[in-house]
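K.L.:
Have a look; sequence and predicted model below, questions after that.
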Amino acid sequence: MRFAWRLGAWVTCGVVYVAHFAYEHFRLRNSPFATAWHVAMAVALGAFFLAVAATVHAAMVSSHAPLWQFLIALVAWPIITAVPAFVVALAIAAVLVRFPGKRLAE
């Protein structure tokens, strides 16, 4: 059952990432850099809140990991997730901007 929940979380995150990217690129018609920046900041914010939840959980229950590791996660998780999210979104947006076509906002 744990595998199904984790797979569901990954799929949900992927769908939200793609939906946010599509909204920024097609609906708002942002530049590739702005699209990638907004999507990456949303990913970083989600990772930060996940790290906050993990830190609060670690503080409330007895854990085998020291609390300082969870405090490092407050900084590390947003960076570790935002950088690849930015690079992927920037690459995809740069390719999509080269294709002429109708945008949703038109």
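P.N.:
Arrived safely, thanks for sending.

K.L.:
hey, let's count contacts and neighbours off CA atoms from now on
P.N.:
Noted.

K.L.:
secondary structure element for the residue nearest in space to the middle of the chain?
P.N.:
Ranked by distance to the mean C-alpha position of the chain (CA atoms, centre = their mean), the top residue is Val43 at 2.2 Å. Val43 belongs to helix 32-60 when assigned by DSSP states H and E.

K.L.:
Please identify the buried residues of that helix?
P.N.:
Buried residues in helix 32-60, defined by neighbour count with 16 or more other CA atoms under 10 Å: 32-48, 50-52, 54-55, 58.

K.L.:
which residues of this protein score low on pLDDT?
P.N.:
63, 101-106 (pLDDT under 70).

K.L.:
Near Ile79, how many other residues are there?
P.N.:
Here the neighbour count serves as a burial measure; for Ile79 (other CA atoms under 10 Å) it reads 19.

K.L.:
what about the residue in the chain sticking out farthest from the centre, which SS state?
P.N.:
Distance from the C-alpha centroid of the chain peaks at Ser62, with 29.2 Å (CA atoms, centre = their mean). Here Ser62 is recorded as coil under DSSP: H, G, I helix; E, B strand; the rest coil.

K.L.:
Would you mind measuring from it to Thr55?
P.N.:
When distances are taken as CA to CA, to the nearest Å, Ser62 and Thr55 turn out to be 12 Å apart.

K.L.:
again with Trp5
P.N.:
Taking CA to CA, one finds Trp5 at 21 Å from Thr55.

K.L.:
just Ala44 next, same as before
P.N.:
If you go by CA to CA, the gap between Ala44 and Thr55 works out to 16 Å.

K.L.:
Now do the contacts for Ala85.
P.N.:
36, 39-40, 43 (CA atoms under 8 Å, 6 or more residues apart in numbering).

K.L.:
Turn the residues you listed into a markdown table, columns for distance to Tyr23.
P.N.:
Shown next, in a markdown table, are the contacts of Ala85 (distance: CA to CA, whole Å):
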| residue | distance to Tyr23 |
| --- | --- |
| Ala36 | 12 |
| Val39 | 10 |
| Ala40 | 14 |
| Val43 | 15 |
